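[1] after the sequence you'll find the predicted model.
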Amino acid sequence: MPLRHLTAALAMMGALAFAPALAQSPGGVSSEVERTASTTPAEKKAYATAAVQEIGDAEKHISKLLEAAKKDDDTQAQECLLFRLTAVRALQSVSERAASAMGEALDAGNSEKANHEFRKIAVAVSKTRMLRAEANKCTADEGSGTDSTIVDWETFLQDNEDVFDPYDMSDLDFEDLVPPQVSPFE
């Protein structure tokens, strides 16, 4: 699958996954999309420019957070941030292409195509805002430890090997164990 299709698919899957929640929230995608009926071509172009800039700013912000996580050698935060950064970069690519296509459609007088591209940009901005908030949580939650617990089983077993000896079967009684009288071939 070409990278272009993969990027578009990723953006659409993200948009579809969060569409019901965004449609219900004030200031979500629905309020952004409702603007299409009442905006002028100049307003659409201005919105597209501002949206592409906002997505670019989010990409830079998450990149800085990722660099800080690399300096701190925080692999968990790196993984979390890398996932969000990849998604934001895909949305950035989609929104840049949509802004260009919307400008061409507006210049050609094709309002239906322009509205479609405008809606793409609105969804991309909304999803980018969510990803930026999630990226901020990637680094904020590292000290709280409320979401996950990391257990190092090797160290635990080494520290407690007198309790968990894998070869000590002295407490097991195999003499009273009777095998079943059933064969799978009967």
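    Great, that's in hand.

[2] hmm, Ala98 and Ala51 touching each other?
    No: the pair Ala51 / Ala98 is not scored as a contact, 9.1 Å apart, by Cβ atoms under 8 Å. Every C-beta, even on glycine, is put in place using the N, C-alpha and C of the backbone.

[3] between the two, what contacts are shared?
    Contact criterion Cβ atoms under 8 Å, 6 or more residues apart in numbering; residues shared by Ala51 and Ala98: 121, 124.

[4] quick one: buried residues of the host helix or strand of Phe118?
    Following DSSP states H and E, one finds Phe118 within helix 111-140. By neighbour count on 16 or more other Cβ atoms under 10 Å, the buried set for helix 111-140 is 114-115, 117-132, 135, 138-139.

[5] ok, now stretch 95-109?
    Quick answer for stretch 95-109 (16+ other Cβ under 10 Å): 95-99, 101-103, 105-106.

[6] quick check on Gly109: phi, psi?
    phi 80, psi 20 (degrees, to the nearest 10).

[7] what packs against the helix holding Phe118?
    helix 3-24, helix 29-34, helix 41-71, helix 75-108 (3 or more Cβ pairs under 8 Å, 6 or more residues apart in numbering; DSSP states H and E).

[8] residues near Leu91, how many?
    27 (other Cβ atoms under 10 Å).

[9] repeat that for Cys80.
    Counted with other Cβ under 10 Å, residues neighbouring Cys80 total 21.

[10] ok, and the closest non-adjacent residue to it?
    Spatial nearest neighbour of Cys80, chain neighbours left out: Cys138 (3.7 Å); criterion: Cβ to Cβ, 6 or more residues apart in numbering.
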